[in-house]
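> sequence plus predicted model, see below.
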Amino acid sequence: MTETHCHGEGVTDSVDAYLQDATFGINSILGEIRTESSLTSAQLPDIAQFEVDQILVDEFPYCATIATDFRSATGESVGRTNAPGRRFGEVDVEVSIVILGSGLSHDAARSQEATVHRAGMRYAAAMHRLLMARPARGQSLNAGSGRGVAKIVNIFGITQILNAVLEDVNEPNRVIKTLFSVRTSEE
C-alpha cells in the first residue's frame, strides 16, 4: 500500500467501491428495503451519483465519501495480527447522502417535509445495514492497489441533518452523515 493509500485516498476509493458494489452495496440494500416495505423506486430511489474526496452535485440522491482524519501506527499487534515492521493506519471516513424532496414521490396525505424525513430514516437504516454486514465488519475491503487491506473497525454514528444548508436548494432536504474509521495495513 502506498503512503497515499495509508493516508486516505485508497481508503475512500475502497469505501466508495464497497458502497457501489452490485451485490451488497447501498443500492442493493435500498432494493431490499423497497421490497420489505412495499415501496417503489420513486418513493426510495437508488443513489444516483457517487463522489470521492469532493462534492460536485449533479444528481440526487447523492453520496460523497471523504477522509476526515488519519492516525498512523507502527507494527505493534493490532487485533490478532502480530507482524513486526508492518505499517498500520486508521482513517476516519465520512459518507454523506443528500436527498431532496423533489426527487421523491409523495402522496397527498403527507407533506413533502414528512416524505423527505421518512426517506432519510430509510437511507440511514440502509447505511447501518451496510456497515453491519459481514463484508464490512468481518472481511477486508480492497485497499486500492491490492497490496494492502482495509477494514471498517469503528462506527461512530449515523446522523440525519434536517434541512441542511445546501447552496441553491430551496426545498425540503436531508443529509445523512455516517462516520466510521477504517484500519489499513500494508501487506
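Yep, that arrived. Numbers count the residues shown, from 1 in each chain.
> any idea how far apart the tips of stretch 38-48 sit?
By Cα to Cα, to the nearest Å, the extent of stretch 38-48 from end to end equals 21 Å.
> for that stretch, what is the average pLDDT?
Regarding stretch 38-48, the rounded mean pLDDT is 94.
> go on, stretch 98-109?
84.
> so how far does that stretch reach from one end to the other?
Taking Cα to Cα, stretch 98-109 runs 24 Å from one end to the other.
> flag every buried residue along that stretch.
98-101, 103-104, 106 (16 or more other Cβ atoms under 10 Å). For every residue, glycine as well, the C-beta is placed using N, CA and C.
> same check, this time on stretch 20-32
24-27, 29-30.
> go on, stretch 42-52?
So, applying 16+ other Cβ under 10 Å, buried residues of stretch 42-52: 43-45, 47, 50-52.
> now stretch 177-187
Across stretch 177-187, burial judged by 16+ other Cβ under 10 Å covers 177-186.
> what strand or helix carries residue 182?
Taking DSSP states H and E as the criterion, residue 182 maps to strand 173-186.
> who does that strand touch, helix- and strand-wise?
Helices and strands touching strand 173-186, as assessed by 3 or more Cβ pairs under 8 Å, 6 or more residues apart in numbering; DSSP states H and E, comprise helix 3-6, helix 9-20, strand 88-100, helix 112-132, strand 148-162.
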